[in-house]
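Chemist: Structural data only, the sequence is not supplied:
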């Protein structure tokens, strides 16, 4: 018989015996104890029946299934003996209650009481274990539910962050394009591809370069050399050297060229510098972003762009970084359309927190004269580059 059948049968026997025996008047003390134990066992079995009836698996009860079956058999045997002793009194209930003789010796009654008490204790333990299992299951369920909710919240936060990052990146690209539409690094990549490995390394060992990097003198380093001396390759080396610094300095650059003069007007230079430096900041400066929001349909003018550019050293300094400008071939700027405006701009920049590396031929003289107070060095074909 399974757990459910044993439980129901045992409750039935307990109820029958209880009803029969408790009616006996002047019963001995041991019989009264047996009645109390039967009632207690019945009360203990009711929760077991409820658990089994609900379809729950009371696996711990399977371990005492044999004990339950044995108790049922004993109580059925007791019921038969009680019934046999009560025969002949069916028509006279009152007489039966007073004259009924208990069929068990006191020792036998105590044995039943002991067996019932043991079974009752085991059933209580089983029910407690079952409840503990249910409690653990509920705790596990709640923990799982909380974990799922936490994971869902984290997922939602990550999705929001991704969406915010996408929005921020889109906004960033729009602002950068608003500042300057053209690509800034095509010429540099081309020169990099033509430069032999190790070219120009000698420059970094010179006193002039070290003074410039250590800020021991002027914030401007000017290298002058004849055509073919390697000024452009040297400029590209300096750009890469600065970009490779662990402190992640802000670096903007321009390679001037006769053929590019139409695309290198002063406003283009300022726009390009600003775009390059903006792209290296961790976040868009609030004033530039708000200017874009106000002027999205209108390109910023020269003065606005100049204001953006001159705010860059402050933003980089707030992150513990320096701001460098590299300009190659100043001699290839147009005398009136470029040099007359850009040379004073560079002077303004060196006083505004920028550190500037320049190259030029020795002529035109106005370049060298303009930067007479700069740290200067001669660019000549170097033995290490041959």
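Modeler: Right, received. Where do you want to start? Keep in mind that this is a model prediction, so the values were computed, not measured. Numbering: from 1, shown residues only.
Chemist: where do the helices sit along the stretch 51-200 of the chain?
Modeler: Remark: helices assigned in the stretch 51-200 of the chain by DSSP state H, counting those that start in this stretch are 59-62, 65-86, 93-99, 106-179, 186-194.
Chemist: Which positions within the second one qualify as buried?
Modeler: Using 16 or more other CB atoms under 10 Å as the burial criterion, the residues of helix 65-86 that qualify are 68, 71-72, 74-75, 78-79, 82, 86. C-beta here means a position set from N, CA and C on the backbone, and glycine is covered the same way.
Chemist: still on that earlier bit, distance to residue 379 and mean pLDDT added to the helices of the stretch 51-200 of the chain, as JSON lines?
Modeler: Compiled in JSON lines, these are given as follows (distance: least, CB to CB, whole Å; pLDDT from 0 to 100):
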{"stretch": "helix 59-62", "distance to residue 379": "89", "mean pLDDT": "64"}
{"stretch": "helix 65-86", "distance to residue 379": "99", "mean pLDDT": "81"}
{"stretch": "helix 93-99", "distance to residue 379": "129", "mean pLDDT": "50"}
{"stretch": "helix 106-179", "distance to residue 379": "32", "mean pLDDT": "89"}
{"stretch": "helix 186-194", "distance to residue 379": "15", "mean pLDDT": "94"}
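Chemist: could I get these as a markdown table with distance to residue 304?
Modeler: As requested, the helices of the stretch 51-200 of the chain are arranged in a markdown table below (distance: least, CB to CB, whole Å):
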| stretch | distance to residue 304 |
| --- | --- |
| helix 59-62 | 78 |
| helix 65-86 | 89 |
| helix 93-99 | 113 |
| helix 106-179 | 10 |
| helix 186-194 | 26 |
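Chemist: so which of the ones you listed comes closest to residue 360?
Modeler: Distance to residue 360, taken as CB to CB, is lowest for helix 186-194 among the helices of the stretch 51-200 of the chain, at 16.8 Å.
Chemist: gap between the following helix or strand past the closest one and the chain center?
Modeler: Remark: after helix 186-194, the chain's next helix or strand is helix 207-213, criterion DSSP states H and E. For helix 207-213, the distance from its own C-alpha centre to the chain's C-alpha centre is 44 Å (CA atoms, centre = their mean, to the nearest Å).
Chemist: Now tell me what touches helix 207-213 from outside.
Modeler: Helix 207-213 is contacted by residues 203-204, 217-221, 355, 357, 375-377 when judged by CB atoms under 8 Å, 6 or more residues apart in numbering.
Chemist: which among those residues gets closest to residue 147?
Modeler: Nearest to residue 147 among those, with distances taken as CB to CB, is residue 355, at 53.2 Å.
Chemist: Which of the contacts of helix 207-213 sits closest to residue 254?
Modeler: residue 357 (11.2 Å).
Chemist: helix/strand/coil for that closest one?
Modeler: strand (DSSP: H, G, I helix; E, B strand; the rest coil).
Chemist: what sits against it?
Modeler: Per CB under 8 Å, 6+ apart, neighbours of residue 357: 212, 220-221, 223, 235, 238, 324-327.
Chemist: Quick one: low-confidence residue ranges for the stretch 251-386 of the chain.
Modeler: Applying pLDDT under 70 to the stretch 251-386 of the chain picks out residues 383-386.
Chemist: so where do the strands sit in it?
Modeler: Assigned by DSSP state E, counting those that start in this stretch, the stretch 251-386 of the chain shows strands spanning 323-328, 354-360, 375-378.
Chemist: Take the ones you listed and write them to TSV, including distance to residue 162.
Modeler: Shown next, in TSV, are the strands of the stretch 251-386 of the chain (distance: least, CB to CB, whole Å):
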stretch	distance to residue 162
strand 323-328	31
strand 354-360	36
strand 375-378	47
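Chemist: Dihedrals phi and psi, residue 334?
Modeler: Main-chain dihedrals, residue 334, degrees, to the nearest 10: phi -70, psi 140.
Chemist: circling back: if any of the contacts of helix 207-213 are buried, give me the PyMOL selection for them.
Modeler: A single PyMOL command selects the buried members of the contacts of helix 207-213 (16+ other CB under 10 Å):
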select buried, resi 203+218+219+220+221+355+357+375+376+377
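Chemist: Save the contacts of helix 207-213 as JSON lines, and put in distance to residue 282 too.
Modeler: Shown next, in JSON lines, are the contacts of helix 207-213 (distance: CB to CB, whole Å):
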{"residue": "203", "distance to residue 282": "30"}
{"residue": "204", "distance to residue 282": "28"}
{"residue": "217", "distance to residue 282": "31"}
{"residue": "218", "distance to residue 282": "30"}
{"residue": "219", "distance to residue 282": "24"}
{"residue": "220", "distance to residue 282": "28"}
{"residue": "221", "distance to residue 282": "28"}
{"residue": "355", "distance to residue 282": "21"}
{"residue": "357", "distance to residue 282": "24"}
{"residue": "375", "distance to residue 282": "31"}
{"residue": "376", "distance to residue 282": "35"}
{"residue": "377", "distance to residue 282": "34"}
